[in-house]
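Participant: got a structure for you, letters missing:
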């Protein structure tokens, strides 16, 4: 598997985990098992940020020049922000479909 394919698979897995975590946390909150006030959302967000940092560290090829390294970092951050926006949009509609407004 090529470097680009591995990076794409990890980003897609990261993106797909956002709706899954949101539905899980919403379900736990609605059942009263886990109150969202007890830092469940913050822990999930920190885990997603740590996972994104791991993806960058392990899957984005290193560059020798600082300019190229900065460009790759900026592209990675923009791509992850776009993936997160798509995931949050999907999450909203998934939560609406499962639980209503």
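Facilitator: Received it, and whenever you're ready, just let me know what you need. Here the structure is a predicted model, which is why all the values come from computation and not from measurement.
Participant: for the helix or strand where residue 68 lies, packing partners?
Facilitator: Residue 68 is part of helix 66-99 when elements are defined by DSSP states H and E. Here helix 66-99 touches helix 3-31, helix 40-59, going by 3 or more Cβ pairs under 8 Å, 6 or more residues apart in numbering; DSSP states H and E. Heads up, the C-betas are built off the backbone N, CA and C, glycines and all.
Participant: count the residues that sit near residue 32.
Facilitator: 7 (other Cβ atoms under 10 Å).
Participant: distance of residue 5 from residue 53?
Facilitator: 21 Å (Cβ to Cβ, to the nearest Å).
Participant: again, but for residue 67
Facilitator: 21 Å.
Participant: do residue 46 as well
Facilitator: Taking Cβ to Cβ, one finds residue 46 at 11 Å from residue 53.
Participant: same thing with residue 62?
Facilitator: Here residue 62 is placed at a distance of 15 Å from residue 53 (Cβ to Cβ).
Participant: residue 75 now?
Facilitator: Applying Cβ to Cβ, the value for residue 75 to residue 53 is 15 Å.
Participant: where does the chain have low pLDDT?
Facilitator: Where the chain drops to pLDDT under 70, the residues are 34-38.
Participant: repeat the analysis, applying 50 as the threshold.
Facilitator: For the chain, no stretch is flagged by pLDDT under 50.
Participant: take the helices and strands packed on helix 66-99 and lay them out in JSON lines including distance to residue 85.
Facilitator: Shown next, in JSON lines, are the helices and strands packed on helix 66-99 (distance: least, Cβ to Cβ, whole Å):
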{"stretch": "helix 3-31", "distance to residue 85": "10"}
{"stretch": "helix 40-59", "distance to residue 85": "13"}
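Participant: quick one: which of those is nearest residue 92?
Facilitator: Using Cβ to Cβ as the measure, helix 3-31 is the one of the helices and strands packed on helix 66-99 that comes nearest residue 92, at 8.8 Å.
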